[in-house]
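1. Next comes the sequence, and after it the predicted model I'd like to discuss.
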Amino acid sequence: MMTSRFAEFKVPYSFDSFSSGFGKAIGCYDSAVQELIVIDDLLSSMVGIEGRYILIKRVRGKDNDITFHVDPSMDLALQELAKRIFPLCKSFMLINQFAEMRSQFKSGLVNHAFSAALRALLLDYQTMVAQLEHQFWLGRLSLQGLWFYCQPMMGPMQALSTVIQKASINSFSGSAILNLLQSQAKAMAGDNAVRLLLEKMTQCASNAYLGILERWIYEGVIDDPYSEFFIMENKSLKKESLTQDYDAKYWRQRYSLKDGIPSFLANIAGTILTTGKYLNVMRECGHNVQVPAPENSKLMSFGSNHHYLECVKAAYNFASSELLNLIKEKYDLLGKLRSMKHYLLLDQGDFLVHFMDIARDELAKKPDEVSVEKLQSLLDLALRTTAAAADPCHEDLTCVVEKTSLLRRLGTLKDLEVSPTTFNRDDLEEPVSITGLDAFSLSYKVKWPFFAGLGKCIRGSVPSTHVELRYQDHLSCVSTMLKFINSLLHYLTFEVLEPNWHVMHNRLQSAKSIDEVIQHHDFFLDKCLRECLLLLPELLKKVERLKSLCLQYAAATQWMISSSIDMQNTEEAIDDSDGLNKAKQCRSGSSSLLKSTAKNAAVTDSILKFEREFSAELQSLGPILSKNSQAEPHLTHLAQWILGVRNDQ
């Protein structure tokens, strides 16, 4: 600010000094001199400097609370004109203060850019004040003239001061600043000059933000040192977690949307998130790719022509097609899924039957005693000696022995919507004693919980077949059990898994993006979980009980058959002996026969008990199925099969 031409009037001054006689009030001068003094003070106040008769007061602790006080002896007309200019002076001080404070590193890139734009505006403003002062020195500026020249700056400066006061009070940064500027610009639609200024400020403040956006959609990299971007990265999730995470949290939660999306990007935020995720996934796969970005695709500006929307869409289309081709061609998506179908959907069950036969003894142990390494070697043997050997991916199949049964594991899947009610404590009750067979499942990188139940159905049918061939006394019950197991297995494989698989396979072939692939796959899993009864605790518990009875019944009858064979061998050995030996063997044989007979009687009672329990459970299953089939139409076929078994019985 230049030295005033009225330096002789500048004396240490406060309003209180007038009453004590230490200063000369402005009212002591005539009107012409007063006007010159007021103009000089106003030019100082316009750049935040106190004058002699215009004082600036701030409230401690409230930086936005600024007031101006004039000497009460000033001519009233001059006071009114001066007060008209005070809002402009206050706006300058607030804007200048905000620009200084928000230029700090901790304020973020958007605030830095916004502050730079404000400083450029203030520079123009100060140039105007300097020009006015020059006119004042030349004697060409009146107070009315000063008011005339200040009016064009009043609206824009006050609008900006309103923005920065809101931003200061709420500690806005990042997208919040951009949204505030945009909303204020829309509110000032009736004042074209103010609207254009606010839009220009928004443009300048968004440059840094769009730079972050550009790196994300063109490279898949988040370069956000102040956490301003609307996409959040969860670095604790690693791609290795996909092998343990049945629900693929890595894909959904590694990168996710935050609150405070810029309004001009709100409608395409999901597309932006997906675009960068695609690029990031390709880089995680070791396939470095960058979206081609010619000069006309740079995102350093946005406007009413919506060119930035076209840039985002072009980047998404490129990233989507590139990743889909990579997954389908290099990683053979459909081939992998077909391979998983062979094993986990029992499309080629010969390997599993062979494996169950050679691993029977190991699976009969308690889960803690089962050797997973031995099971894996037996599984590898079964895979190499059956039709599965032709599958190049058969080595990806592994064994898993859980610590709990299927029911308990299903209860731990928190994200699943269980119908009609959630698993309660009774539903999660473990059997008294579970074996390795109860806890056994196959794994193919990602666990599919319901396949443990399918494996158990297959295992349940194998011993029952042998019982039918080798034990005739209880043929009726054996036949009923076999029909139940086969009906259940037929429903799971041919009524649920196979048709749903074909629907998913056809949809995957026409998918246009990886998100569509995931959507179709998730739909397949959800539908199979529901239709395989795994989300119906009442039905699942009943079916598990029936399968358990089948296995116990088969084990008991198998023992009785083996015992009968041993007794027959003992009798033949006695008949073939000479006299003395025959007498001895008769005594020992008689003792053994008595013990065996007693044990056979106990086993026979158990078998009869299993038959009664199975019949009662099967009878009670029919009404439950019929009731649930009204809410779950897919159960109609299963109800027909099971009710058919019950009627046969």
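-> Perfect, thanks for sending it. All values reported here derive from a predicted model rather than from experimental measurement.
2. Run through the stretch 351-500 of the chain and note the low-pLDDT ranges.
-> For the stretch 351-500 of the chain, the stretches with pLDDT under 70 are 404-433, 445-476.
3. Strands of that one, start to end?
-> Ranges of strands in the stretch 351-500 of the chain, per DSSP state E, counting those that start in this stretch, are 398-401, 440-443.
4. Residue 390 is nearest to which of those strands?
-> Closest approach to residue 390 among the strands of the stretch 351-500 of the chain (C-beta to C-beta): strand 440-443, 18.2 Å. Using the backbone N, CA and C atoms, a C-beta is placed for each residue, glycine as well.
5. Please identify the buried residues of the closest one?
-> Residues of strand 440-443 classed as buried: 440, 441, 442, 443 (neighbour count, 16 or more other C-beta atoms under 10 Å).
6. Show me what the strand of greatest length in the chain is packed up against.
-> Criterion DSSP state E: the longest strand present in the chain is strand 62-70. In terms of contacts (3 or more C-beta pairs under 8 Å, 6 or more residues apart in numbering; DSSP states H and E), strand 62-70 is packed against strand 54-59, helix 76-101, helix 143-170.
7. And the contacts of the shortest one?
-> If you take C-beta atoms under 8 Å, 6 or more residues apart in numbering as the criterion, strand 54-59 is touched by 14-15, 38, 41-42, 44-45, 48, 50, 65-71, 82, 89, 93.
8. and residue 591, what pLDDT?
-> Here, the pLDDT recorded for residue 591 equals 56.
9. Low-confidence regions, the stretch 51-200 of the chain specifically.
-> 61, 63.
10. Can you get me a residue count around residue 77?
-> By other C-beta atoms under 10 Å, 12 other residues sit near residue 77.
11. Serialize the buried residues of strand 440-443 to JSON lines and add fields for distance to residue 291.
-> As requested, those are arranged in JSON lines below (distance: C-beta to C-beta, whole Å):
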{"residue": "440", "distance to residue 291": "46"}
{"residue": "441", "distance to residue 291": "41"}
{"residue": "442", "distance to residue 291": "40"}
{"residue": "443", "distance to residue 291": "36"}
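12. Which one of those is nearest to residue 204?
-> Using C-beta to C-beta, the buried residues of strand 440-443 come closest to residue 204 at residue 443, 54.8 Å.
13. partners of that closest one in the sheet?
-> residue 398 (DSSP bridges).
14. My guess is it contacts residue 402. True?
-> No: at 10.3 Å, residue 443 does not count as touching residue 402 under the criterion of C-beta atoms under 8 Å.
15. just to revisit the earlier point, what would the strands of the stretch 351-500 of the chain look like in JSON lines with distance to residue 316?
-> As requested, the strands of the stretch 351-500 of the chain are exported to JSON lines (distance: least, C-beta to C-beta, whole Å):
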{"stretch": "strand 398-401", "distance to residue 316": "37"}
{"stretch": "strand 440-443", "distance to residue 316": "34"}
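16. out of these, nearest to residue 190?
-> strand 440-443 (66.0 Å).
17. ok now the closest one, how far from the chain's centre?
-> 27 Å (C-alpha atoms, centre = their mean, to the nearest Å).
18. thinking again about what came up before, out of the contacts of strand 54-59, which are buried?
-> Among the contacts of strand 54-59, those buried by neighbour count (16+ other C-beta under 10 Å) are 38, 41-42, 44-45, 48, 66, 68, 70-71, 82, 89, 93.
19. Distance check, residue 261 against residue 176.
-> 10 Å (C-beta to C-beta, to the nearest Å).
20. Among these two, which residue is more densely surrounded?
-> Applying other C-beta under 10 Å to residue 261 and residue 176 shows that residue 261 carries more neighbours, namely 21 against 18.
21. and the closest residue to the more buried one other than its chain neighbours, what does it touch?
-> The shortest distance from residue 261 to any non-neighbouring residue, by C-beta to C-beta, 6 or more residues apart in numbering, is to residue 230 (4.4 Å). Residues counted as contacts of residue 230 (C-beta under 8 Å, 6+ apart) are 175, 257, 258, 260, 261, 262, 265, 269.
22. what about the fifth one, which SS state?
-> Spelled out, it's residue 261. When classified by DSSP: H, G, I helix; E, B strand; the rest coil, residue 261 comes out as coil.
23. close enough to count as contact, it and residue 270?
-> No: contact criterion C-beta under 8 Å: residue 261 and residue 270 do not qualify, at 9.9 Å.
24. Make sure residue 237 is indeed in a strand.
-> No: counting by three-state DSSP, one finds residue 237 to be coil, located in no strand.
25. mind checking the backbone torsions on it?
-> phi -90, psi 120 (degrees, to the nearest 10).
26. Secondary structure class of the nearest residue to residue 27 once chain neighbours are set aside, three-state.
-> Spatial nearest neighbour of residue 27, excluding adjacent residues (C-beta to C-beta, 6+ apart): residue 73 at 2.9 Å. Put simply, residue 73 is coil when judged by three-state DSSP.
27. Can you give me the distance of residue 73 to residue 67?
-> Using C-beta to C-beta, which is the criterion applied here, residue 73 is 19 Å from residue 67.
28. ok so, going back, point out the one among the strands of the stretch 351-500 of the chain that comes closest to residue 153.
-> strand 440-443 (71.3 Å).
29. got the contact list for the residue nearest to residue 27?
-> So residue 73 contacts 18, 25, 26, 27, 28 (C-beta under 8 Å, 6+ apart).
30. repeat that with 10 Å
-> By C-beta atoms under 10 Å, 6 or more residues apart in numbering, the contact set of residue 73 is 15, 18, 24, 25, 26, 27, 28, 29, 34, 53, 79.
31. Likewise for residue 606?
-> 552, 553, 555, 556, 557, 559, 560.
32. What is the neighbour count of residue 359?
-> Counted with other C-beta under 10 Å, the burial measure for residue 359 works out to 22 neighbours.
33. Quick check on it: phi, psi?
-> Phi and psi for residue 359, reported as degrees, to the nearest 10, are phi -110, psi 10.
34. State the distance from the nearest residue to it once chain neighbours are set aside to residue 124.
-> Counting by C-beta to C-beta, 6+ apart, residue 378 is the residue found nearest to residue 359 once chain neighbours are left out, at 4.6 Å. Distance, residue 378 to residue 124, using C-beta to C-beta: 83 Å.
35. Same check on residue 374?
-> For residue 374 relative to residue 124 (C-beta to C-beta), the value is 82 Å.
36. and those two? which has more neighbours close in?
-> Comparing residue 374 with residue 124 by other C-beta under 10 Å, the one with more neighbours is residue 374, at 13 against 9.
37. The closest residue to that one other than its chain neighbours: what's it in contact with?
-> Residue nearest to residue 374 in three dimensions, not counting chain neighbours: residue 362, with 5.8 Å by C-beta to C-beta, 6+ apart. Residues near residue 362 by C-beta under 10 Å, 6+ apart: 369, 370, 371, 372, 374, 375, 378, 401, 435, 436, 437, 440.
38. Just to check, the fourth one is in contact with residue 363?
-> No: with contact defined as C-beta atoms under 10 Å, residue 372 does not count as touching residue 363 (11.4 Å).
39. shared neighbours of the two, which are they?
-> By C-beta under 10 Å, 6+ apart, the residues touching both residue 372 and residue 363 are 401, 436, 440.
40. Put together CSV for those residues, with distance to residue 154 on each row.
-> Formatted as CSV, the shared contacts of residue 372 and residue 363 follow (distance: C-beta to C-beta, whole Å):
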residue, distance to residue 154
401, 79
436, 84
440, 80
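41. so which of the residues you listed comes closest to residue 276?
-> Residue 276 has its nearest neighbour among the shared contacts of residue 372 and residue 363 in residue 401, at 39.6 Å by C-beta to C-beta.
42. Within its local environment, how many residues does the closest one see?
-> 20.
43. Any figure for the gap between the nearest residue to residue 74 once chain neighbours are set aside and residue 32?
-> Spatial nearest neighbour of residue 74, chain neighbours left out: residue 26 (5.0 Å); criterion: C-beta to C-beta, 6+ apart. Distance, residue 26 to residue 32, by C-beta to C-beta: 12 Å.
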